[in-house]
Structures are given as structure tokens and as C-alpha cells.
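**Student:** Need the 3D shape of this:
(one chain, ligands or ions: 2)
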Amino acid sequence: MSDSNAVERTFVMLKPDALERGLIGEIISRLERKGLKPVRFLWRAVSPELAAKHYERLTSKPFYPLLEAYITRGPVLASIWEGRDAVAVVRRLVGATDPALAEAGTIRGDFGLDVTENLIHASDSPEAAEREIGLFFD
Ligand code: IDP
Ligand code: MG
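**Tutor:** Ligands and ions are numbered 1, 2, ... in the order given. The predicted model follows:
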């Protein structure tokens, strides 16, 4: 069981469509206004190798080639955020994977409509956060 009072850190990646659509500031602002603290930011490219490590569980899915093309087509903004129960809090701010189903008021619910191009990645557990931080930050 995770302790909901624990200060955690989580990994957030703003995907290429967030930059292309001019939504970087809006998205960062939402996390900041919630009270989460940004710890690190890094613009970087995602190679097919990094994509396959990051999306390890998804490489055998039929949609994986589309996901790989998307995540490698331009720079992403990798970041680390800290705060009370940060992993679950950020997942709630992000909303459901499919933006068409994501609640209004969430990032995907307010700004997305495509199930692949859904603007943002956020870790789904503290263990995933540490793994993903290790992949994206040296
Ligand atoms: P999450 O980003 O909400 O954690 P995951 O299931 O971990 O969702 O999927 C990772 C990413 O893969 C999604 O954010 C989305 O970009 C893409 N994706 C997931 N499911 C589908 C699908 O059914 N079709 C196309 N792309 C998908
Ligand atoms: Mg996921």
C-alpha cells in the first residue's frame, strides 16, 4: 500500500504534440498551480531504443508502430515533479488514456481527442517513476 501522505516524485513527459500545439505552458501551469514542485526539466529527443524501453509493456501491441513514430518525431520535455502523493495526484490531473473519455477538467479531457496523441505521460507508480527517471535523466 502506498502512503498517501508521503512526499513522492514522479516522472512527467510532455509529448511532441504538446510542443507542436503550443500547450507546454498551460500544462506546466496546471501542475504548478496544484502545488507540485518541478525538480528538473530536460528537452530531449527520444530514439526508437529509448521508446522501446520506456513503453516496454506495449511493444507487442498492434498500435506500437504508431506510438513509436509519434514519440520519436520531435523533442519531448522530460520532467521530475515532487509533492504529497505526487504519482496519483498527477495521474488524476492528466486524465484517462483516451482523451475522448477523459473527464473535462483534466489535461487530456480539456485538450485532446486522439488516443495516441494525448499530450502527456505520467508515471503510474512510484516504482515506474524511478525507472523512467533513470531512463530519461543520466
Ligand atoms: P497512459 O499514458 O495513460 O499511462 P498507457 O496504456 O501506458 O497509457 O499507454 C501509453 C501510451 O500509448 C498512451 O499514452 C498513448 O499515447 C498510447 N496508447 C495507449 N493505448 C492506445 C491505443 O489503444 N491506441 C493507440 N495508442 C495508444
Ligand atoms: Mg502508462
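**Student:** which one is His54 nearest to, not counting chain neighbours?
**Tutor:** Leu135 (5.8 Å; C-beta to C-beta, 6 or more residues apart in numbering). (Glycine included, C-beta is placed from N, CA and C.)
**Student:** Contact residues of the chain facing ligand 1?
**Tutor:** The chain comes close to ligand 1 at residues Leu58, Phe63, Leu67, Thr97, Val115, Thr116, Asn118, His121, Asp124, as judged by C-beta under 6 Å from any ligand atom.
**Student:** Dump those into a markdown table; add neighbour count as well.
**Tutor:** Compiled in a markdown table, these are given as follows (neighbours: other C-beta atoms under 10 Å):
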| residue | neighbour count |
| --- | --- |
| Leu58 | 13 |
| Phe63 | 11 |
| Leu67 | 17 |
| Thr97 | 11 |
| Val115 | 16 |
| Thr116 | 16 |
| Asn118 | 24 |
| His121 | 18 |
| Asp124 | 14 |
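**Student:** thinking again about what came up before, backbone dihedrals for the residue nearest to His54, please?
**Tutor:** phi -70, psi -40 (degrees, to the nearest 10).
**Student:** contacting residues around Thr97?
**Tutor:** Arg108, Val115, Asn118 (C-beta atoms under 8 Å, 6 or more residues apart in numbering).
**Student:** redo that, cut-off 7 Å
**Tutor:** Val115, Asn118 (C-beta atoms under 7 Å, 6 or more residues apart in numbering).
**Student:** Just the residues of the chain next to ligand 1: which are in strands?
**Tutor:** The strands, defined by DSSP state E, take in His121 from these.
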